[in-house]
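Peer 1: this one's structure only:
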């Protein structure tokens, strides 16, 4: 598996970097580990610490912005995961499961394409080990009116 | 626990059979295993490779069709699980958790009856070991406008 | 970790007590254990065995009632967990993950505050070990028209 340094280099080559740690909106923490499994709390899309994009995909929010939001969540999840691993993403063994939630307008049954932007990030970093089982659901409402929320589970050393 | 052959015989006696492998709609894979746990990706209801039924339970879709769709998903999940176990469903130890999502019209708070059709399939195959924890949620939208989506976790040898 | 007796005393001091076992609405059971992980089925808010509150948070249901419902679910989950642990909540090691679902009116993006009422209960009992990863989703419909549904996973001895 790639080292932490090589993963950060890969991100950098994509023009991406890990954000500041997220601040939970509510009485929860960002991760829990039991054995080799780490469960990450659901995170909403944010830019500069504020929910972005907000509103309904297909009504107020374009596919491009919704996908950008999903990628930003992917980076937030990676940041949380790295903190959970004492700063060493090299200890990731495989991505297990991703759950994506999108506030999607009626008829926007293509919303899994939004969640793909997060999945593609994990695959770009880890290749085959970055692939994962996934469930994507179109929902009525997300915290702070965010367009996208994603949580994930990883197997780690 | 029943052998793979006896499970297939049981399905056959119910007039059911395992479908062709599903094709993920999006950048994900159908399952991941870590230790004794297998997580299956959410699958939507399909017939002959196309989403069926589609639309909202209680508006466009009858209870019978929605339940039929949920049973078809159960068979797809079994197919995926069998592939994950090198063709041997006899290695299933217990069904752990099922998550069911239904696009349900307002007031259709009986939609867990739809998900029952999948749960009943697992119980018919494994009896007590086929029973499972479950969460059923009524949602705004599912991939490709499907009426039902279900994912599941299994404990296996 | 606190003993079962001290946890019940703590609940009592908060004016709370464990309810009668829940009755699943559908073909599922209330929990499954594999290794050190217990997965609890989603439970809806109930009072005296009937769904309460019902309807949409922000339309028919006040924040106070919705939070009360979420706390009642927390107690139901604890009751299930205690049954799963042969009556000994002292075997809980940590709360892993909570999933909260709220039928929330458009614009009610503060609904995680509802789920907080369940999270706060776990933290009041176990302190740091009671904290958990969490995903909260606003949904179209819950079983029997309930306002809140919550499931959870625990690590136990």
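Peer 2: Yep, it's here. This one's a predicted model, so the numbers in the text were calculated from it and none came from an experiment.

Peer 1: SS state for the nearest residue to residue A:141 once chain neighbours are set aside?
Peer 2: Leaving aside its sequence neighbours, residue A:141 sits nearest to residue C:138 (CB to CB, 6 or more residues apart in numbering or on different chains; 2.7 Å). C-beta: built from backbone N, CA, C; applies to glycine. Of the three states, residue C:138 takes strand under DSSP: H, G, I helix; E, B strand; the rest coil.

Peer 1: which ones are touching the residue in chain A positioned nearest to chain C?
Peer 2: Per CB to the nearest CB, the residue of chain A with the smallest distance to chain C is residue A:141, at 2.7 Å. Residue A:141 makes contact with A:103, C:102, C:104, C:105, C:106, C:108, C:109, C:111, C:137, C:138, C:139 under the criterion CB atoms under 8 Å, 6 or more residues apart in numbering or on different chains.

Peer 1: in chain A, which spans are helices?
Peer 2: Applying DSSP state H to chain A gives helices spanning A:4-13, A:63-84, A:112-126.

Peer 1: ok, which of these comes nearest residue A:149?
Peer 2: For the helices of chain A, proximity to residue A:149 was assessed by CB to CB; helix A:63-84 is nearest, at 7.5 Å.

Peer 1: next, the angle from the closest one to helix A:112-126.
Peer 2: 40 degrees (axes from the mean of the first three to the mean of the last three CA atoms, to 10 degrees).

Peer 1: helix A:63-84 and chain B, are they touching?
Peer 2: No: contact of helix A:63-84 with chain B (CB under 8 Å from any CB of the partner chain) is absent, the minimum separation being 11.0 Å.

Peer 1: name the helices or strands packed onto that helix?
Peer 2: In terms of contacts (3 or more CB pairs under 8 Å, 6 or more residues apart in numbering or on different chains; DSSP states H and E), helix A:63-84 is packed against helix A:4-13, strand A:31-34, strand A:37-44, strand A:46-47, strand A:92-103, helix A:112-126, strand A:148-156.

Peer 1: okay, buried residues for that helix please.
Peer 2: A:65-82, A:84 (16 or more other CB atoms under 10 Å in any protein chain shown).

Peer 1: stretch A:18-26 too?
Peer 2: By neighbour count on 16+ other CB under 10 Å, the buried set for stretch A:18-26 is A:18, A:19, A:22, A:24, A:25, A:26.

Peer 1: how long is it from one end to the other?
Peer 2: 22 Å (CA to CA, to the nearest Å).

Peer 1: neighbouring contacts of that stretch?
Peer 2: Contacts of stretch A:18-26 (CB under 8 Å, 6+ apart): A:8, A:11, A:30, A:41, A:43-44, A:46, A:49, A:72, A:75-76, A:78-80, A:82-83, A:143-144, C:112-113, C:115-116, C:119, C:134, C:136.

Peer 1: where's the residue nearest to residue A:141 relative to residue A:56, distance?
Peer 2: 12 Å (CB to CB, to the nearest Å).

Peer 1: and for residue A:42, the neighbour number?
Peer 2: For residue A:42, the neighbour count with other CB atoms under 10 Å in any protein chain shown is 28.

Peer 1: does it really touch residue A:149, like I thought?
Peer 2: Yes: if you go by CB atoms under 8 Å, residue A:42 and residue A:149 touch, sitting 4.8 Å apart.

Peer 1: overlap of the contact sets of those two?
Peer 2: Between them, residue A:42 and residue A:149 share the contacting residues A:101, C:135, C:137, judged by CB under 8 Å, 6+ apart.

Peer 1: out of those residues, who's near chain B?
Peer 2: Near chain B, by the rule CB under 8 Å from any CB, you find residue C:137 out of the shared contacts of residue A:42 and residue A:149.

Peer 1: enumerate every residue touching the spatially closest residue to residue A:55 that is not a sequence neighbour.
Peer 2: Leaving aside its sequence neighbours, residue A:55 sits nearest to residue A:61 (CB to CB, 6+ apart; 5.2 Å). By CB under 8 Å, 6+ apart, the residues touching residue A:61 are A:53, A:54, A:55, A:69, A:147.

Peer 1: what pairs with residue A:61 across the strands?
Peer 2: residue A:57 (DSSP bridges).

Peer 1: likewise for residue A:97?
Peer 2: residue A:133, residue A:153.

Peer 1: contacting residues around it?
Peer 2: Contacts of residue A:97 (CB under 8 Å, 6+ apart): A:132, A:133, A:134, A:135, A:152, A:153, B:32, B:39, B:41.

Peer 1: equivalent analysis for residue A:82, please.
Peer 2: A:4, A:18, A:88, A:89 are the contacts of residue A:82 under CB under 8 Å, 6+ apart.

Peer 1: as a markdown table, these with pLDDT would be great.
Peer 2: Below are those laid out as a markdown table (pLDDT from 0 to 100):
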| residue | pLDDT |
| --- | --- |
| A:4 | 98 |
| A:18 | 97 |
| A:88 | 98 |
| A:89 | 98 |
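
Peer 1: any idea how far residue A:32 is from the residue positioned nearest the centre of chain A?
Peer 2: Against the mean C-alpha coordinate of chain A, by CA atoms, centre = their mean, the closest residue is residue A:74 at 2.8 Å. Per CB to CB, residue A:74 is found 20 Å from residue A:32.

Peer 1: please name the bridge partners of the residue of chain A found nearest chain B.
Peer 2: Per CB to the nearest CB, residue A:138 is where chain A lies closest to chain B, at 2.7 Å. Assessed by DSSP bridges, residue A:138 has beta-bridge partners residue A:102, residue B:141.
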